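**Student:** no FASTA, just this:
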């Protein structure tokens, strides 16, 4: 079974509380999502392998550390996942970015694919799938399935808020994919929204409601 990591860092929790508030506007919501994502990625990449490299400082030669092994890639689930991309590429400028487009049927709540474009060498990269909300888990599970069909096997899921139902779905469908979240909330309501949650992340991020 995959691991579920809930980040309890005080800065992450403080910023997430502000994001949840109804009165938080689009600009601040967008900035906070970027900041929290950066803090989460910092923690989620703690186990990346490094190797020794000889360098020369202004004073002398020495041995430093640099990332080794697989390169990184990020795959946001459109559209809300876009709000998490800049935070990752600021920390890891060499990361390649793919995109997956899914929409949720308003009646069945099931996800449907409409777009998938991954880096050409995605199968050789450690991929982070990005989406602020893990509700039913349907979109995340389908996105991961699409990525696996293209030969990728090193995948992690990064969410701001998750519901237990969504975590269970992803773990059932993809027990090899670790999940990183800032908060594990109570449940889903009858409309498959996370409670207490923060509303529709896409609408709040882009000001479409």
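**Tutor:** Structure received. Quick caveat, the model's predicted, so the values are computed rather than measured.

**Student:** where does the prediction get shaky in this structure?
**Tutor:** Applying pLDDT under 70 to the chain picks out residues 109.

**Student:** going along the chain, name the strands of it.
**Tutor:** 4-6, 50-56, 61-67, 71-78, 96-97, 99-104, 111-117, 125-130, 133-134, 155-162, 178-184, 187-188, 194-195 (DSSP state E).

**Student:** other SSEs contacting the third one?
**Tutor:** For strand 61-67, the packing partners by 3 or more C-beta pairs under 8 Å, 6 or more residues apart in numbering; DSSP states H and E come out as strand 50-56. In short, each C-beta sits where N, CA and C put it, glycine included.

**Student:** so what's the residue count around residue 107?
**Tutor:** Using other C-beta atoms under 10 Å, the number of residues around residue 107 comes to 6.

**Student:** what distance do you get for it to residue 190?
**Tutor:** To residue 190, residue 107 is 12 Å away according to C-beta to C-beta, to the nearest Å.

**Student:** scan this protein for its longest helix.
**Tutor:** When the chain is parsed with DSSP state H, its longest helix is helix 26-44.

**Student:** now that helix: how far from the chain's centre is it?
**Tutor:** Remark: helix 26-44 is offset 10 Å from the chain centroid, using C-alpha atoms, centre = their mean, to the nearest Å.

**Student:** what comes into contact with that helix?
**Tutor:** 5, 7, 9, 11-12, 15-16, 18-19, 24, 83-84, 86-88, 90-92, 128, 130, 132, 156, 158, 160, 180, 182, 201, 204-207 (C-beta atoms under 8 Å, 6 or more residues apart in numbering).

**Student:** next, the angle from that helix to strand 125-130.
**Tutor:** If you take axes from the mean of the first three to the mean of the last three C-alpha atoms, to 10 degrees, helix 26-44 sits at 140 degrees to strand 125-130.
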